[in-house]
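[1] Give me coordinates for this.
(one chain, ligands or ions: 1)
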Amino acid sequence: MILVTGATGNVGREVVEQLHSMGQRVRVLSRNPEKVQFPDSVEVVTGDLADMETVKPALTGVNKVFLIYISGGEEVPKLAKELGVEHIVFLSSGAIESAIENGIGRMHAEVEELIRQSGVTWTFLRPDAFMSNSLQWAESVRTEGMVRAPFGDVLSVPIDPKDIASVAVKALSSAGHDNEIYTLTGPEALNPEDQAHIIGDVLGKKVAFQSIPEEVARQYMTQHAPEEIVDALFKLMQGTRIKPQPVLDTVERITGKPARTYSQWVKDNAGAFR
Ligand SMILES: NC(=O)c1ccc[n+]([C@@H]2O[C@H](COP(=O)([O-])OP(=O)(O)OC[C@H]3O[C@@H](n4cnc5c(N)ncnc54)[C@H](OP(=O)(O)O)[C@@H]3O)[C@@H](O)[C@H]2O)c1
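    The predicted model follows:
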């Protein structure tokens, strides 16, 4: 039995789909499982990763776990080991490898360490920015044909959550991934302006790009996210300026298929931008 956490999220939902289509026994843990219609054979446990009273039944009888980062979930690796879990595939973050130390990297590194100390075998996935982050531009693309973003000059190598899920599924269902760290990127380096143009090409309409001054973006973001996270995001962007993320072939090496392009991701999600 494989427990999938974050199963209603961008990556976890795909992990469930792919494991289920392979015939694997899957259980999910979610605070709001009704958000997603899971296949009938998928066991659903309603619970919170920060509440060990609900995590315990979810982990009982499980031998592998797809784990996401949750503040308050620090006890999960130790409990998993006690309950007989053999392997944890952890959705960590490429922020750990940034040129500038930052809070997002630090939080994920702490959980990696807890997993190492727990005594289970593990696989750590360290993706670059998710392509799905672009959904934050959906409304302005729909209503104004516009993408507004800070750090217009900074290149990232965004990855399709489906590819992260495919790597996770390989690590959960085949041998050879014990205690491996997989740094994951998409197939091309893009800045936000490049992304705006690709969205426009796929939609067949002009999508303009407007750069937001960094201080204006910081003020806006701190109204919607904790200051520590906003600060970490700014440090990450500055770190990427100093040491750009190279394009890596990890997805193809592990899954046998090339990483999906941003254009493919926009086509799959075009409804959100129309
Ligand atoms: N976005 C990026 O660019 C990026 C880059 C590198 C790494 N990451 C990592 O990837 C993670 C996000 O993955 P995603 O995009 O697939 O997630 P997402 O779509 O934002 O979904 C978040 C998931 O977390 C679950 N969750 C939140 N709090 C929970 C709790 N207390 N107990 C149990 N489940 C909880 C939610 O489930 P319910 O609401 O159903 O409980 C949901 O399934 C980030 O948190 C980060 O660690 C992200």
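
[2] ok, so what distance separates whatever residue of the stretch 1-150 of the chain ends up closest to the ligand from Trp137?
    The minimum distance from the stretch 1-150 of the chain to the ligand, using Cβ to the nearest ligand atom, falls at Gly9 (2.5 Å). (Each C-beta comes from the backbone N, C-alpha and C, glycine too.) As judged by Cβ to Cβ, to the nearest Å, Gly9 and Trp137 stand 19 Å apart.

[3] where does Tyr182 land in three-state SS?
    Reducing the assignment at Tyr182 to three states with DSSP: H, G, I helix; E, B strand; the rest coil gives strand.

[4] what do you get for Arg27?
    Put simply, Arg27 is strand when judged by three-state DSSP.

[5] Look at Gly9 and Trp137 and report which has more neighbours.
    More neighbours surround Trp137 than the other of Gly9 and Trp137, with 21 against 18 (other Cβ atoms under 10 Å).

[6] quick one: the helices in the stretch 101-250 of the chain?
    103-118, 138-144, 161-173, 192-203, 214-222, 227-242, 250-255 (DSSP state H, counting those that start in this stretch).

[7] Against which helices or strands is the fifth one packed?
    In other words, helix 214-222. Applying 3 or more Cβ pairs under 8 Å, 6 or more residues apart in numbering; DSSP states H and E, one finds that helix 214-222 makes contact with helix 227-242.

[8] Does the helix it packs on reach the ligand?
    No - using Cβ under 6 Å from any ligand atom, helix 227-242 never reaches the ligand; the gap is at least 9.5 Å.

[9] And for stretch 45-59?
    Yes - against the ligand, stretch 45-59 shows contacts by Cβ under 6 Å from any ligand atom at 48-50.

[10] residues from the protein in reach of the ligand?
    5-12, 30-32, 35, 48-50, 68-70, 91, 93-94, 127, 129-130, 133, 161.

[11] Can you select the buried ones among those for me in PyMOL?
    Restricted to buried positions by 16 or more other Cβ atoms under 10 Å, the PyMOL selection for the residues of the chain next to the ligand reads:
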select buried, resi 5+6+7+8+9+10+11+12+30+48+49+68+69+91+93+94+127+129+130+161
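
[12] Please flag which of the residues of the chain next to the ligand sit within strands.
    If you go by DSSP state E, the residues of the chain next to the ligand have 5, 30, 68, 91, 127 in strands.

[13] Between which two of the residues you listed is the distance greatest?
    Ser30 and Pro127 (21.1 Å; Cβ to Cβ).

[14] Look up how far Asn133 lies from the closest residue to the ligand within the stretch 151-274 of the chain.
    Of all residues in the stretch 151-274 of the chain, the one sitting closest to the ligand is Pro161 (5.9 Å; Cβ to the nearest ligand atom). Distance, Pro161 to Asn133, by Cβ to Cβ: 10 Å.

[15] Please tell me how far Glu43 sits from Phe209.
    45 Å.

[16] How about Gly9, nearest residue that isn't a chain neighbour?
    Ile68 (7.0 Å; Cβ to Cβ, 6 or more residues apart in numbering).

[17] no wait, Leu83
    Leu59 (4.7 Å).

[18] State the distance from that neighbour to Ser156.
    Counting by Cβ to Cβ, the separation of Leu59 from Ser156 is 34 Å.
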